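Enquirer: Let's see this in three dimensions:
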Amino acid sequence: MAGILDLQVRPDVRRRGLARFLFTQMLRYLQEQYFRLIEIQVPDTNQAALDLIRGLGFTQVDVGRTFRRPANPQPPAELTNQPSPAVE
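Expert: Coordinates of the predicted model:
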């Protein structure tokens, strides 16, 4: 399975088919690499993106939340045996 998490087009070049072009190129590449299942996450507040994704043949299969963190976050205090910093 391949996942597409984010694709953004600058506001000044939107509505010209660029997102559709980029998605179709990504989908073609993933198919050539033998991926048979592709998942895309789209915020439910982005109607233009929802319309585009549905227009590319995707169907909604889940509703959920996306969690994100930096690649090198400061570890929690319980993992470092250090006292937690005071919160003021």
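
Enquirer: residues in contact with stretch 50-58?
Expert: A19, R20, F23, T24, L27, I38, I40, V42, D44 (C-beta atoms under 8 Å, 6 or more residues apart in numbering). C-betas here are computed from N, CA, C, even on glycine.

Enquirer: how about a cut-off of 7 Å?
Expert: Here stretch 50-58 makes contact (C-beta atoms under 7 Å, 6 or more residues apart in numbering) with A19, R20, F23, I40, V42.

Enquirer: What is the burial count for the second one?
Expert: Applying the criterion other C-beta atoms under 10 Å, we find 13 residues in the vicinity of R20.

Enquirer: For A49, see how far away it is.
Expert: 11 Å (C-beta to C-beta, to the nearest Å).

Enquirer: what's the answer for the last one, then?
Expert: Between V42 and A49 the distance is 5 Å, computed by C-beta to C-beta.

Enquirer: any idea where the strands of this protein begin and end?
Expert: 2-4, 38-40 (DSSP state E).

Enquirer: What residues sit buried inside the first one?
Expert: I take that to be strand 2-4. By neighbour count on 16 or more other C-beta atoms under 10 Å, the buried set for strand 2-4 is I4.

Enquirer: Parallel or antiparallel, list what pairs with that strand.
Expert: strand 38-40 (parallel) (DSSP bridges).

Enquirer: Name the residues that touch stretch 14-23?
Expert: L7, V9, L52, L56.

Enquirer: again, only this time at 10 Å
Expert: Outside stretch 14-23, the residues that touch it by C-beta atoms under 10 Å, 6 or more residues apart in numbering are 4, 7-10, 13, 24, 38, 40, 48-49, 52-53, 55-56, 58.
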